[in-house]
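Novice: Build me a model from this:
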Amino acid sequence: MSVGVYVHVPFCLTRCGYCDFNAYAGLHHLASRYVRALVAEASLAAPVWDREEVVSVFLGGGTPTTLEVENLASVLAHLRDSFDLTSNAEVTIEANPDTVDRPKLAALLEAGYERLSMGAQSFDPSVLASLERVHAPDAVRRALSDARAVGYANVSLDVIYGAEGETLDSWERTLRETTDLEPEHVSAYALTVEPSTPLGRKIAAGLVPAPDPDLQADMFALACEVLGGAGYVHYEISNWAKPGYECLHNLGYWERRPYAGLGAGAHSYRDDRRWWNVRPPLEYLERVESGSLPIGGEERLQPSDAHLEEVFLRLRILEGIPASWVEPERSAPFLESGLLEDRGGVLVPTERGMLLLNELVLALAG
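Specialist: Below you'll find the model as predicted:
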């Protein structure tokens, strides 16, 4: 069974108001110590994955590119020593455009980070401001140009829709500018609001409006139209790729393949067991430095939960589920309303159906 390895780097230049990831600003003084802990944890965790073939590595965060290239290179080199990485393993690093320049990108590529995932979020300065992003649109253009100049042939751009003040016209301009840059992969996410974030608290206090779900639905439809028209294949609800450039690592999550998670708060999965590391960086460091795996908890999926998860994920990546899994009276209303298609005995959501995925899953798997 092919395996993915995820490495979490929790450091950021600033903390965006909408973000609920395990990420922190102001902790960069822990960077060298954290890298040593990642290397140590990899050594502790690797025996569990002995003889498993690792087909993807993904450094996410946070902003991994806040670390020095020498540290990033040493982490990847140690992963190669500790795990059985295939010769053509997909190796991705997330980047904020303000944390990379041409020399750093060249060094990252030479170290083996051959896939670059960059957070653009928007090409509208007012939208970036409402998202509390510190970079300007030109920074994305410059970073992507630098990436191409040093030889990057697999670049993904992330964009977000539905922020305060964003209109359909503004979103279309962001989509057009994204496709003009010709990345191999685009992730387009609807802004979601978590109550524990600064944005969530502002919305709860009535200081800013919540995202408009009807407008976000129109923005999703527009993304499907613009990205599809530019030659991108819609292979997962929020992800589009030029043919052959689908993200192998993320497909591993959606296809329920095993994955090992390293770093503060990282999750791992295997054989319907999911476990996760402690989230606070200092606690993570102390646990690893004491020679222990920093596991904070685990859960085992019951058969009914595993089935529900499989239905959800198969529909999410447009693989669909066998029609034989569902009583005809359950699926008929969704087929008639155009939310599902029957493709040779496989039920697949349409792009309209993707907007109601949770309802589809509960109706079909219940």
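Novice: alpha carbons only for contacts and neighbour counts from here, please
Specialist: Fine.
Novice: Start from the N-terminal end of the stretch 1-150 of the chain and give the helices.
Specialist: Taking DSSP state H, counting those that start in this stretch as the test, the helices found in the stretch 1-150 of the chain are 31-45, 69-82, 102-111, 125-130, 137-150.
Novice: who touches the last one?
Specialist: Pointing back at helix 137-150 there. 97-98, 100-102, 105-106, 120, 122-125, 181 (Cα atoms under 8 Å, 6 or more residues apart in numbering).
Novice: can you redo those residues as CSV with pLDDT, distance to His267 and neighbour count?
Specialist: As requested, the contacts of helix 137-150 are exported to CSV (pLDDT from 0 to 100; distance: Cα to Cα, whole Å; neighbours: other Cα atoms under 10 Å):
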residue, pLDDT, distance to His267, neighbour count
Pro97, 94, 26, 23
Asp98, 91, 28, 16
Val100, 96, 27, 20
Asp101, 97, 31, 16
Arg102, 98, 32, 17
Leu105, 98, 28, 27
Ala106, 98, 30, 20
Ala120, 94, 25, 25
Ser122, 93, 29, 28
Phe123, 95, 32, 23
Asp124, 92, 34, 15
Pro125, 91, 34, 14
Leu181, 98, 33, 13
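Novice: Run a quick check on Pro10 versus Tyr24, I expect a contact.
Specialist: Yes - taking Cα atoms under 8 Å as the definition, Pro10 is a contact partner of Tyr24 at 5.9 Å.
Novice: Could you check which of these two has the larger neighbour count?
Specialist: Between Pro10 and Tyr24, counted using other Cα atoms under 10 Å, the more crowded position is Pro10 (26 against 20).
Novice: who's in contact with the more buried one?
Specialist: Asn22, Ala23, Tyr24, Gly61, Gly62, Thr63, Pro64, Ala264, Pro281.
Novice: neighbour-wise, which of these leads?
Specialist: Highest neighbour count within the contacts of Pro10: Ala264, with 29 neighbours (other Cα under 10 Å).
Novice: Beta-bridge partners for the nearest residue to Glu114 once chain neighbours are set aside, please?
Specialist: Sequence neighbours aside, Val91 is the residue nearest to Glu114 in space, at 5.8 Å (criterion: Cα to Cα, 6 or more residues apart in numbering). Here Val91 sits in beta bridges with Val57, as judged by DSSP bridges.
Novice: Tell me, how many residues neighbour Val91?
Specialist: For Val91, using other Cα under 10 Å, the count is 22.
Novice: follow-up on the earlier one: can you redo the helices of the stretch 1-150 of the chain as CSV, where the extra columns are distance to Pro198?
Specialist: Below are these laid out as CSV (distance: least, Cα to Cα, whole Å):
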stretch, distance to Pro198
helix 31-45, 25
helix 69-82, 30
helix 102-111, 32
helix 125-130, 12
helix 137-150, 24
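Novice: which stretch in those is the model least sure about?
Specialist: Least confident of these, judged by mean pLDDT, is helix 125-130 with a mean of 88.
Novice: What residues sit buried inside that one?
Specialist: Within helix 125-130, the residues scored as buried using 16 or more other Cα atoms under 10 Å are Ser126, Val127, Leu128, Ser130.
Novice: rewinding a little: quick one: closest of the helices of the stretch 1-150 of the chain to Val5.
Specialist: helix 69-82 (8.8 Å; Cα to Cα).
Novice: is it true that Leu199 touches Val193?
Specialist: Yes - the criterion here is Cα under 8 Å, and Leu199 meets it with Val193 at 6.9 Å.
Novice: List the buried residues for the longest helix along the chain?
Specialist: What stands out as the longest helix in the chain, according to DSSP state H, is helix 213-229. For helix 213-229, the neighbour count (16+ other Cα under 10 Å) marks Gln216, Ala217, Met219, Phe220, Leu222, Ala223, Cys224, Val226, Leu227 as buried.
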